[in-house]
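Engineer: Got a predicted structure plus its sequence, pasted below:
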Amino acid sequence: MAFVNMKSKEVQAKIVYYGPGRGGKTTNLEYIYSKFRERIKSDMVSIKTHGDRTLFFDFLPFDIGKIMGYDVKVQLYTVPGQVKYDATRRLVLKGVDGMVFVADSQVSQRKKNILSLKNLQENLATYKKSIFKIPLVLQYNKRDLKDVPLLPVQQMDKDMNSQLKVPSFEGSALTGHNVVPTLKKIISQTMASLQNVLK
Amino acid sequence: MGSNYDDDVTFTEYSLGPDQLQKIETILQDDLIDSGVNSVMLIDLAGNIIAQKDNGSSEHDLYSLAALASANFAAVDTMAKIVGEEEFSLLFHKGENESIHFSKVHDEFLLISIFSKKVALGLLRLKVSESIDKITAIWKR
C-alpha cells in the first residue's frame, strides 16, 4: 500500500522488520540510524516498555533519493517480537510493502523462529496478503556470537526458506555485518514491485 | 494460494490525481490554516502523508507524527471494538501549548489538526467537519 503522490512526485513505502522477541529487529534499525545519521532528518521513534523491550513499534523514515523521477521515502518499522503483543504486531503490518524477517541464529531459539514466521504468514493473511508474494528478505542474525551454539545456516535455510526461496543474509545487527545489504535488498525488491505503478 | 489474496495490488487502493490533491490542499489551507490551526495533514491508515499544510512557523517531524497518529488511531479503534463500540468518535489530546485532534475521513483516511489555545475546540470541530464534507465530495468525483 505504498502511497505515490503524483503532484509532489513522492513515493512513501513501508518496510517492516519482523521476527521473534530479542532477535535484533530494533538493533537493525539502530544500526541503520547511526550509519546514515546525516541522511536521516528526523529522530528514530521507539515506543518501548520500561524494560527496554519494543511495546508497539520503532519507526525510522529514510530518504533513499530519486527512482524514476520520484523522491522515494522508505518508512522502516519494527514490530514487538514478544508473543503476547500479537494485536499490536498486526496493526503495524497495515499497508506493508516489504518485509525483513530477522531470525535468531541461536540453537535455543530455533522453535521461536519457526513460530514467528508462521505468525507472520497468519497476520499477513488477515490483510489478504500472501507471505509467498510479498517482497521478503531473511536475515540470520547474531552470527557474531561465540559463546553459545549457533544453528548451521543450512539448517536455518531448511527451517525457514525451503518453501519461500527468498534472499537470505547471515548478519550481525550488533556489529552491523550485512545490515545494510539486507536493507538494500529489501528496498530494491520493494521498488521492483512498485515499478509498474510508477511507469 | 487461493484467490483470497490480492497481492497483485501492491499499490494503494485509492488514487488521487494532482488536481484532486491540489483541491484538498486548498481546503486544508482555507478552512483550517486560515482559521488559526498551526498544522494539518491528511494521512492514510498506514501512516502515509497524503496532503499537508501549516502556518509556516510549525516545525514538527511530520512523518513520525503521521506514523504515530495512524498507530494511535488503530490502537484506539481496536480498543473500541473490544468494549463493543463501533468507534470512539472524538479523539483529542490536549496539551499546555498545542493540542492534537484526530478525525476519520472515509474509511481510509485521517485528518490530523495541531492547534494552539487561540483556537477553540468547538470551532475546530466545526471547521474539521466542514473540511471533511468537502474532501469527501472531491474523493467521490
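Structural biologist: Received, thanks. Note that the structure is predicted; figures quoted are calculated from it, not measured.
Engineer: Output the set of residues of chain A in proximity to chain B.
Structural biologist: Along chain A, the residues adjacent to chain B under the rule Cβ under 8 Å from any Cβ of the partner chain are A:1-7, A:12, A:14, A:41-43, A:45, A:47, A:56-57, A:59, A:61, A:73, A:75, A:77, A:87-88, A:91-92, A:94-97, A:125, A:128-130, A:132-134, A:193-194, A:197. Every residue, glycine included, has its C-beta placed from N, CA and C.
Engineer: Got a quick ChimeraX command for the buried subset of these?
Structural biologist: Only the buried entries of the residues of chain A next to chain B go into this ChimeraX selection, using 16 or more other Cβ atoms under 10 Å in any protein chain shown:
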select /A:1,2,3,4,5,12,14,45,56,57,59,61,73,75,77,88,91,92,94,95,96,97,129,134,193,194
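Engineer: Narrow the residues of chain A next to chain B to those in strands?
Structural biologist: The strands, defined by DSSP state E, take in A:3-5, A:12, A:14, A:45, A:47, A:56-57, A:59, A:61, A:73, A:75, A:77 from these.
Engineer: Which pair of the residues you listed spans the longest distance?
Structural biologist: Spatially, the most separated pair among those is A:V4 and A:I47, at 27.8 Å (Cβ to Cβ).
Engineer: The helix or strand harbouring A:E122: which residues count as buried?
Structural biologist: According to DSSP states H and E, A:E122 maps onto helix A:110-126. For helix A:110-126, burial by neighbour count (16+ other Cβ under 10 Å) applies to A:110, A:112-113, A:116-117, A:119-120, A:123-124.
Engineer: For the residue nearest to B:K104 when sequence neighbours are not counted, give me its contacts.
Structural biologist: Nearest residue to B:K104 in three dimensions, chain neighbours excluded: B:L110, at 6.0 Å (Cβ to Cβ, 6 or more residues apart in numbering or on different chains). B:L110 sits next to B:42-45, B:69-70, B:73, B:102-104 when contact means Cβ atoms under 8 Å, 6 or more residues apart in numbering or on different chains.
Engineer: What is the nearest of those residues to A:V179?
Structural biologist: The nearest one, if we look at the contacts of B:L110 relative to A:V179 and count by Cβ to Cβ, is B:S70, at 26.3 Å.
Engineer: where does the closest one sit relative to B:F109, distance-wise?
Structural biologist: 10 Å (Cβ to Cβ, to the nearest Å).
Engineer: Return the list of helices and strands in contact with the helix or strand of chain A with the lowest mean pLDDT.
Structural biologist: Within chain A, confidence by mean pLDDT, DSSP states H and E is lowest for strand A:3-5 among all helices and strands, at a mean of 85. In terms of contacts (3 or more Cβ pairs under 8 Å, 6 or more residues apart in numbering or on different chains; DSSP states H and E), strand A:3-5 is packed against strand A:10-18, helix A:179-198, strand B:49-54.
Engineer: got the contact list for residue 69?
Structural biologist: You didn't say which chain, so I picked chain A. A:K9.
Engineer: try chain B instead
Structural biologist: Applying Cβ under 8 Å, 6+ apart, the residues near B:A69 are B:43, B:47, B:100, B:102, B:110, B:112.
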